[in-house]
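A.B. asks: The sequence isn't on hand, but the structure is:
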Ligand code: TUI
(Lines give C-alpha, C1' and ligand atoms only; values in the text may rest on other atoms or scores of the structure.)
Protein backbone atom coordinates (compact mmCIF):
# COMPACT_ATOMS: atom_id res chain seq x y z
CA UNK A 1 0.00 0.00 0.00
CA UNK A 2 1.22 3.49 -0.90
CA UNK A 3 1.86 5.93 1.95
CA UNK A 4 -0.75 8.68 2.14
CA UNK A 5 -0.61 12.19 3.63
CA UNK A 6 -1.54 10.90 7.08
CA UNK A 7 1.37 8.40 6.96
CA UNK A 8 3.74 11.21 6.01
CA UNK A 9 2.42 13.46 8.77
CA UNK A 10 2.79 10.76 11.44
CA UNK A 11 6.04 9.32 10.02
CA UNK A 12 4.60 5.79 9.61
CA UNK A 13 4.36 3.18 6.79
CA UNK A 14 0.73 2.06 7.20
CA UNK A 15 -2.17 4.41 8.07
CA UNK A 16 -3.12 2.54 11.25
CA UNK A 17 -3.18 3.76 14.84
CA UNK A 18 -3.32 1.24 17.67
CA UNK A 19 -6.22 2.05 20.01
CA UNK A 20 -5.34 3.44 23.43
CA UNK A 21 -6.71 0.75 25.71
CA UNK A 22 -6.31 1.95 29.32
CA UNK A 23 -4.05 -0.32 31.47
CA UNK A 24 -3.53 -2.54 28.39
CA UNK A 25 -1.72 -0.47 25.75
CA UNK A 26 1.76 -0.31 27.30
CA UNK A 27 5.25 0.15 25.83
CA UNK A 28 5.42 -3.52 24.68
CA UNK A 29 2.33 -3.24 22.51
CA UNK A 30 3.00 0.31 21.33
CA UNK A 31 6.59 -0.47 20.29
CA UNK A 32 5.52 -3.67 18.49
CA UNK A 33 2.89 -1.78 16.48
CA UNK A 34 5.36 1.00 15.63
CA UNK A 35 8.05 -1.52 14.65
CA UNK A 36 5.49 -3.15 12.32
CA UNK A 37 4.91 0.20 10.55
CA UNK A 38 1.79 1.48 12.35
CA UNK A 39 1.49 4.10 15.06
CA UNK A 40 1.75 2.48 18.50
CA UNK A 41 0.09 4.33 21.36
CA UNK A 42 0.77 4.15 25.09
CA UNK A 43 -2.51 4.64 26.95
CA UNK A 44 -2.03 6.72 30.08
CA UNK A 45 -5.61 6.06 31.29
CA UNK A 46 -5.64 7.04 34.93
CA UNK A 47 -2.20 5.56 35.68
CA UNK A 48 0.18 7.47 38.01
CA UNK A 49 2.57 9.83 36.22
CA UNK A 50 5.69 7.78 37.11
CA UNK A 51 4.25 4.71 35.38
CA UNK A 52 3.49 6.72 32.23
CA UNK A 53 7.00 8.21 32.26
CA UNK A 54 8.58 4.75 32.59
CA UNK A 55 6.47 3.38 29.76
CA UNK A 56 7.49 6.26 27.47
CA UNK A 57 11.18 5.71 28.28
CA UNK A 58 10.85 1.95 27.77
CA UNK A 59 9.15 2.45 24.38
CA UNK A 60 12.04 4.68 23.28
CA UNK A 61 14.38 1.75 23.97
CA UNK A 62 12.15 -0.76 22.14
CA UNK A 63 11.66 1.23 18.94
CA UNK A 64 13.27 4.02 16.98
CA UNK A 65 10.00 4.61 15.10
CA UNK A 66 7.43 7.24 16.10
CA UNK A 67 4.91 6.29 18.78
CA UNK A 68 2.26 8.28 20.63
CA UNK A 69 0.70 8.72 24.03
CA UNK A 70 -3.03 8.93 24.70
CA UNK A 71 -4.35 11.32 27.33
CA UNK A 72 -7.62 10.20 28.93
CA UNK A 73 -9.18 13.54 29.74
CA UNK A 74 -11.38 12.24 32.57
CA UNK A 75 -8.26 11.32 34.51
CA UNK A 76 -7.31 13.44 37.55
CA UNK A 77 -3.72 13.74 36.27
CA UNK A 78 -4.54 14.58 32.61
CA UNK A 79 -2.82 17.99 32.97
CA UNK A 80 0.38 16.43 34.32
CA UNK A 81 0.49 13.84 31.51
CA UNK A 82 -0.22 16.61 28.97
CA UNK A 83 2.99 18.34 30.18
CA UNK A 84 4.97 15.11 30.45
CA UNK A 85 4.62 14.33 26.75
CA UNK A 86 6.20 17.70 25.94
CA UNK A 87 9.12 17.11 28.34
CA UNK A 88 9.69 13.60 26.96
CA UNK A 89 9.63 14.68 23.31
CA UNK A 90 6.72 12.37 22.38
CA UNK A 91 5.89 12.78 18.68
CA UNK A 92 2.11 12.28 18.69
CA UNK A 93 -0.70 12.74 21.22
CA UNK A 94 -4.16 11.28 20.91
CA UNK A 95 -6.88 12.19 23.41
CA UNK A 96 -10.09 10.56 24.56
CA UNK A 97 -13.22 11.10 26.63
CA UNK A 98 -13.27 14.88 26.42
CA UNK A 99 -12.20 18.15 24.80
CA UNK A 100 -8.41 18.72 24.87
CA UNK A 101 -8.69 22.32 23.60
CA UNK A 102 -6.81 23.92 26.52
CA UNK A 103 -3.66 21.82 25.89
CA UNK A 104 -3.40 22.12 22.10
CA UNK A 105 -1.32 25.33 21.94
CA UNK A 106 1.23 23.89 24.41
CA UNK A 107 1.54 20.67 22.38
CA UNK A 108 1.94 22.56 19.10
CA UNK A 109 4.66 24.77 20.63
CA UNK A 110 6.56 21.56 21.48
CA UNK A 111 6.13 20.14 17.97
CA UNK A 112 3.75 17.38 19.09
CA UNK A 113 1.20 16.20 16.48
CA UNK A 114 -2.28 16.34 18.00
CA UNK A 115 -5.00 13.83 17.07
CA UNK A 116 -8.09 14.04 19.31
CA UNK A 117 -10.81 11.38 19.34
CA UNK A 118 -14.15 12.97 18.47
CA UNK A 119 -17.64 11.52 18.65
CA UNK A 120 -19.44 14.40 16.88
CA UNK A 121 -19.06 16.80 13.95
CA UNK A 122 -19.19 19.78 16.34
CA UNK A 123 -16.14 18.63 18.31
CA UNK A 124 -14.28 17.72 15.10
CA UNK A 125 -14.74 21.28 13.80
CA UNK A 126 -13.71 22.77 17.13
CA UNK A 127 -10.56 20.62 17.17
CA UNK A 128 -9.64 21.64 13.62
CA UNK A 129 -10.04 25.34 14.54
CA UNK A 130 -7.89 24.80 17.65
CA UNK A 131 -5.05 23.38 15.50
CA UNK A 132 -5.49 19.58 15.57
CA UNK A 133 -3.40 17.81 12.89
CA UNK A 134 -6.02 15.09 12.34
CA UNK A 135 -9.07 13.73 14.15
CA UNK A 136 -10.11 10.20 15.03
CA UNK A 137 -13.86 9.79 14.41
CA UNK A 138 -14.84 6.97 16.75
CA UNK A 139 -18.21 5.24 16.47
CA UNK A 140 -20.01 3.53 19.32
CA UNK A 141 -19.03 0.05 18.06
CA UNK A 142 -15.73 0.70 19.85
CA UNK A 143 -14.87 -0.73 23.25
CA UNK A 144 -14.52 1.38 26.38
CA UNK A 145 -15.84 4.93 26.69
CA UNK A 146 -18.06 5.75 23.70
CA UNK A 147 -20.26 8.41 22.08
CA UNK A 148 -23.70 8.03 20.48
CA UNK A 149 -23.14 7.67 16.73
CA UNK A 150 -22.06 4.63 14.72
CA UNK A 151 -18.85 4.63 12.68
CA UNK A 152 -20.86 4.34 9.43
CA UNK A 153 -22.83 7.51 10.23
CA UNK A 154 -20.10 9.54 11.99
CA UNK A 155 -17.09 9.12 9.68
CA UNK A 156 -18.51 10.55 6.41
CA UNK A 157 -20.12 13.47 8.25
CA UNK A 158 -16.81 14.35 9.92
CA UNK A 159 -14.96 13.89 6.59
CA UNK A 160 -17.30 16.44 4.97
CA UNK A 161 -16.96 18.88 7.87
CA UNK A 162 -13.17 19.22 8.25
CA UNK A 163 -10.08 19.53 6.03
CA UNK A 164 -7.64 17.65 8.27
CA UNK A 165 -7.22 13.87 7.81
CA UNK A 166 -9.94 11.77 9.45
CA UNK A 167 -9.06 8.44 11.03
CA UNK A 168 -11.98 6.01 11.39
CA UNK A 169 -12.39 4.00 14.59
CA UNK A 170 -14.96 1.63 16.06
CA UNK A 171 -15.81 -1.78 14.63
CA UNK A 172 -12.75 -2.12 12.38
CA UNK A 173 -11.09 -5.53 12.77
CA UNK A 174 -9.90 -6.73 9.37
CA UNK A 175 -9.12 -5.61 5.81
CA UNK A 176 -12.82 -5.33 4.95
CA UNK A 177 -13.18 -2.79 7.75
CA UNK A 178 -10.14 -0.90 6.45
CA UNK A 179 -11.57 -0.83 2.91
CA UNK A 180 -14.95 0.35 4.23
CA UNK A 181 -13.31 3.13 6.26
CA UNK A 182 -11.47 4.35 3.16
CA UNK A 183 -14.72 4.30 1.17
CA UNK A 184 -16.23 6.58 3.84
CA UNK A 185 -13.43 9.07 3.19
CA UNK A 186 -11.11 8.22 6.07
CA UNK A 187 -7.33 8.40 5.53
CA UNK A 188 -6.54 5.88 8.23
CA UNK A 189 -7.98 3.55 10.83
CA UNK A 190 -7.63 3.12 14.57
CA UNK A 191 -7.86 -0.47 15.79
CA UNK A 192 -8.11 -1.52 19.43
CA UNK A 193 -9.80 -4.86 20.01
CA UNK A 194 -7.76 -6.81 17.44
CA UNK A 195 -4.48 -5.56 18.93
CA UNK A 196 -5.73 -6.58 22.37
CA UNK A 197 -5.15 -10.22 21.38
CA UNK A 198 -1.75 -9.52 19.78
CA UNK A 199 1.14 -11.71 20.98
CA UNK A 200 2.96 -8.60 22.20
CA UNK A 201 -0.05 -7.41 24.24
CA UNK A 202 0.59 -8.04 27.94
CA UNK A 203 -3.08 -8.13 29.05
CA UNK A 204 -3.93 -11.18 31.22
CA UNK A 205 -4.49 -14.35 29.09
CA UNK A 206 -8.03 -14.75 30.52
CA UNK A 207 -8.93 -11.35 29.02
CA UNK A 208 -7.49 -12.33 25.60
CA UNK A 209 -9.34 -15.65 25.63
CA UNK A 210 -12.59 -13.93 26.56
CA UNK A 211 -12.22 -11.70 23.47
CA UNK A 212 -11.30 -14.67 21.27
CA UNK A 213 -14.42 -16.64 22.26
CA UNK A 214 -16.74 -13.60 22.19
CA UNK A 215 -19.79 -13.75 19.93
CA UNK A 216 -21.27 -10.86 17.93
CA UNK A 217 -23.88 -10.00 20.58
CA UNK A 218 -21.64 -10.32 23.65
CA UNK A 219 -20.96 -6.63 24.32
CA UNK A 220 -23.25 -4.34 26.31
CA UNK A 221 -23.13 -0.67 27.28
CA UNK A 222 -23.01 0.22 30.96
CA UNK A 223 -22.84 3.66 32.56
CA UNK A 224 -25.31 5.51 30.30
CA UNK A 225 -27.01 6.86 33.44
CA UNK A 226 -23.72 8.19 34.87
CA UNK A 227 -22.89 10.12 31.69
CA UNK A 228 -19.91 7.83 31.00
CA UNK A 229 -21.17 5.06 28.72
CA UNK A 230 -18.68 2.21 28.41
CA UNK A 231 -18.86 -0.83 26.09
CA UNK A 232 -17.81 -4.06 27.80
CA UNK A 233 -18.16 -7.80 27.32
CA UNK A 234 -21.12 -8.98 29.36
CA UNK A 235 -20.33 -10.71 32.65
CA UNK A 236 -21.34 -10.76 36.34
CA UNK A 237 -20.14 -7.17 36.82
CA UNK A 238 -22.01 -5.77 33.79
CA UNK A 239 -25.22 -7.51 34.95
CA UNK A 240 -24.83 -6.05 38.46
CA UNK A 241 -24.16 -2.64 36.96
CA UNK A 242 -27.22 -2.80 34.69
CA UNK A 243 -29.41 -3.91 37.59
CA UNK A 244 -28.32 -0.93 39.71
CA UNK A 245 -28.92 1.39 36.74
CA UNK A 246 -32.43 -0.06 36.24
CA UNK A 247 -33.16 0.50 39.93
CA UNK A 248 -31.96 4.12 39.49
CA UNK A 249 -29.46 3.74 42.31
CA UNK A 250 -27.34 6.85 43.05
CA UNK A 251 -24.33 7.50 40.80
CA UNK A 252 -21.95 7.12 43.79
CA UNK A 253 -23.04 3.48 44.20
CA UNK A 254 -22.37 2.79 40.51
CA UNK A 255 -18.99 4.54 40.66
CA UNK A 256 -18.06 2.44 43.68
CA UNK A 257 -18.86 -0.75 41.74
CA UNK A 258 -16.77 0.41 38.78
CA UNK A 259 -13.72 1.44 40.85
CA UNK A 260 -10.64 -0.66 40.05
CA UNK A 261 -12.76 -2.98 37.88
CA UNK A 262 -10.63 -2.55 34.75
CA UNK A 263 -7.39 -3.36 36.57
CA UNK A 264 -9.08 -6.42 38.10
CA UNK A 265 -9.74 -7.81 34.60
CA UNK A 266 -6.54 -6.61 32.90
CA UNK A 267 -3.98 -7.51 35.59
CA UNK A 268 -5.67 -10.20 37.75
CA UNK A 269 -7.56 -11.86 34.90
CA UNK A 270 -10.84 -11.69 36.82
CA UNK A 271 -13.12 -11.63 33.79
CA UNK A 272 -16.27 -12.24 35.87
CA UNK A 273 -16.02 -9.38 38.37
CA UNK A 274 -13.74 -7.08 36.37
CA UNK A 275 -14.52 -4.69 33.51
CA UNK A 276 -13.72 -6.45 30.21
CA UNK A 277 -13.79 -3.56 27.74
CA UNK A 278 -13.94 -4.62 24.07
CA UNK A 279 -15.57 -3.50 20.84
CA UNK A 280 -18.42 -5.11 18.91
CA UNK A 281 -15.90 -6.56 16.46
CA UNK A 282 -14.68 -8.98 19.19
CA UNK A 283 -16.91 -11.66 17.60
CA UNK A 284 -14.75 -11.55 14.46
CA UNK A 285 -11.47 -11.99 16.27
CA UNK A 286 -10.46 -15.61 16.57
CA UNK A 287 -6.74 -15.92 17.19
CA UNK A 288 -3.61 -14.47 18.73
CA UNK A 289 -1.15 -13.08 16.15
CA UNK A 290 1.84 -10.76 16.13
CA UNK A 291 1.29 -7.06 15.46
CA UNK A 292 3.16 -7.51 12.18
CA UNK A 293 0.80 -10.29 11.07
CA UNK A 294 -2.25 -8.20 12.02
CA UNK A 295 -1.06 -5.14 10.08
CA UNK A 296 -0.04 -7.22 7.07
CA UNK A 297 -3.48 -8.84 6.89
CA UNK A 298 -5.30 -5.53 7.32
CA UNK A 299 -3.40 -3.82 4.50
CA UNK A 300 -3.31 -6.74 2.06
CA UNK A 301 -5.93 -4.97 0.01
CA UNK A 302 -5.08 -6.29 -3.46
CA UNK A 303 -7.69 -9.08 -3.39
CA UNK A 304 -10.26 -6.62 -2.12
CA UNK A 305 -9.50 -4.18 -4.93
CA UNK A 306 -10.27 -6.91 -7.48
CA UNK A 307 -13.51 -7.74 -5.69
CA UNK A 308 -14.46 -4.06 -5.64
CA UNK A 309 -13.80 -3.65 -9.37
CA UNK A 310 -16.23 -6.54 -9.99
CA UNK A 311 -18.88 -4.80 -7.90
CA UNK A 312 -18.66 -1.20 -9.15
O1 LIG B 1 -11.51 7.35 25.60
C2 LIG B 1 -11.95 6.43 24.97
N3 LIG B 1 -12.15 5.21 25.48
C4 LIG B 1 -11.87 4.85 26.77
S5 LIG B 1 -11.18 5.79 27.95
C6 LIG B 1 -11.30 4.55 29.05
S7 LIG B 1 -10.81 4.68 30.70
C8 LIG B 1 -12.32 4.91 31.44
N9 LIG B 1 -12.61 4.06 32.40
C10 LIG B 1 -13.77 4.17 33.05
C11 LIG B 1 -14.69 5.16 32.74
C12 LIG B 1 -14.40 6.01 31.72
C13 LIG B 1 -13.20 5.89 31.05
C14 LIG B 1 -11.85 3.48 28.47
N15 LIG B 1 -12.15 3.66 27.20
N16 LIG B 1 -12.30 6.58 23.67
C17 LIG B 1 -12.22 7.82 23.00
C18 LIG B 1 -13.52 8.48 22.97
N19 LIG B 1 -13.70 9.74 23.27
N20 LIG B 1 -14.69 7.93 22.63
C21 LIG B 1 -15.63 8.89 22.71
C22 LIG B 1 -15.00 10.03 23.12
C23 LIG B 1 -15.55 11.34 23.32
C24 LIG B 1 -16.86 11.49 23.71
C25 LIG B 1 -17.38 12.75 23.92
C26 LIG B 1 -14.72 12.45 23.16
C27 LIG B 1 -15.24 13.71 23.40
C28 LIG B 1 -16.55 13.84 23.77
O29 LIG B 1 -17.12 15.07 23.99
C30 LIG B 1 -16.36 16.05 24.62
C31 LIG B 1 -17.04 17.39 24.54
O32 LIG B 1 -16.74 18.19 25.43
O33 LIG B 1 -17.80 17.61 23.61
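C.D. replies: Done, it's in. Since we're looking at a predicted model, the values are computed, not measured.

A.B. asks: Just grab the bridge partners of residue 168 for me.
C.D. replies: Beta-bridge pairing of residue 168 under DSSP bridges involves residue 137, residue 189.

A.B. asks: Quick check: which element contains the nearest residue to residue 65 once chain neighbours are set aside?
C.D. replies: Spatially, and ignoring its direct neighbours in sequence, residue 65 is nearest to residue 34 (4.1 Å; Cβ to Cβ, 6 or more residues apart in numbering). All C-beta spots, glycine's among them, are computed from the backbone N, C-alpha and C. Per DSSP states H and E: residue 34 is located in helix 27-35.

A.B. asks: Can you name the element that comes right after that helix?
C.D. replies: Per DSSP H and E, the helix or strand that comes after helix 27-35 is strand 40-43.

A.B. asks: in its sheet, what does that following strand sit against?
C.D. replies: Strand 40-43 sits in its sheet next to strand 67-72 (parallel), going by DSSP bridges.

A.B. asks: how distant is the helix or strand following the strand it pairs with from the center of its chain?
C.D. replies: Using DSSP H and E, the helix or strand that directly follows strand 67-72 along the chain is helix 78-87. Centre-to-centre, helix 78-87 and its host chain are 19 Å apart (Cα atoms, centre = their mean, to the nearest Å).

A.B. asks: List the contacts of helix 78-87.
C.D. replies: For helix 78-87, contacts defined as Cβ atoms under 8 Å, 6 or more residues apart in numbering pick out 44, 49, 52-53, 56, 69, 71-72, 75, 93, 98, 100, 103, 106-107, 109-110, 112.

A.B. asks: and with 6 Å instead?
C.D. replies: Contacting residues not belonging to helix 78-87 are listed as 44, 49, 52, 69, 71, 93, 103, 110 [Cβ atoms under 6 Å, 6 or more residues apart in numbering].

A.B. asks: Next, count neighbours for the nearest residue to residue 15 once chain neighbours are set aside.
C.D. replies: Nearest residue to residue 15, sequence neighbours excluded (Cβ to Cβ, 6+ apart): residue 188, at 3.4 Å. By other Cβ atoms under 10 Å, the residues close to residue 188 number 28.

A.B. asks: How about the residues of the chain by the ligand?
C.D. replies: 22, 45, 72, 74, 96-99, 117, 119, 123, 138, 144-147, 228, 230, 262, 277 (Cβ under 6 Å from any ligand atom).

A.B. asks: Need the buried ones from those selected in ChimeraX.
C.D. replies: One line in ChimeraX is enough to select the buried ones among those; burial here means 16 or more other Cβ atoms under 10 Å:
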select :22,45,72,96,97,98,117,119,123,138,144,145,146,147,228,230,262,277
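
A.B. asks: now the helices for the stretch 1-150 of the chain?
C.D. replies: Along the stretch 1-150 of the chain, the stretches classed as helices by DSSP state H, counting those that start in this stretch are 5-10, 27-35, 49-62, 78-87, 101-109, 121-130.

A.B. asks: Tabulate those (CSV), appending mean pLDDT.
C.D. replies: Formatted as CSV, the helices of the stretch 1-150 of the chain follow (pLDDT from 0 to 100):
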stretch, mean pLDDT
helix 5-10, 95
helix 27-35, 98
helix 49-62, 98
helix 78-87, 98
helix 101-109, 97
helix 121-130, 98
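
A.B. asks: right, so those helices: which one is the most enclosed?
C.D. replies: Mean neighbour count (mean count of other Cβ atoms under 10 Å) peaks for helix 27-35 among the helices of the stretch 1-150 of the chain, with a mean of 25.

A.B. asks: list the contacts for residue 266?
C.D. replies: By Cβ under 6 Å, 6+ apart, the contact set of residue 266 is 23, 24, 203.

A.B. asks: burial of the last one, as a residue count?
C.D. replies: In this case it means residue 203. Residue 203: 23 neighbours (other Cβ under 10 Å).

A.B. asks: circling back to that earlier point, report the separation between the residue nearest to residue 65 and residue 40.
C.D. replies: 4 Å (Cβ to Cβ, to the nearest Å).

A.B. asks: Now the common contact residues for those two.
C.D. replies: residue 67.

A.B. asks: returning to that earlier point: could you check the angle strand 67-72 makes with the helix holding residue 34?
C.D. replies: On the basis of axes from the mean of the first three to the mean of the last three Cα atoms, to 10 degrees, helix 27-35 is oriented at 130 degrees to strand 67-72.
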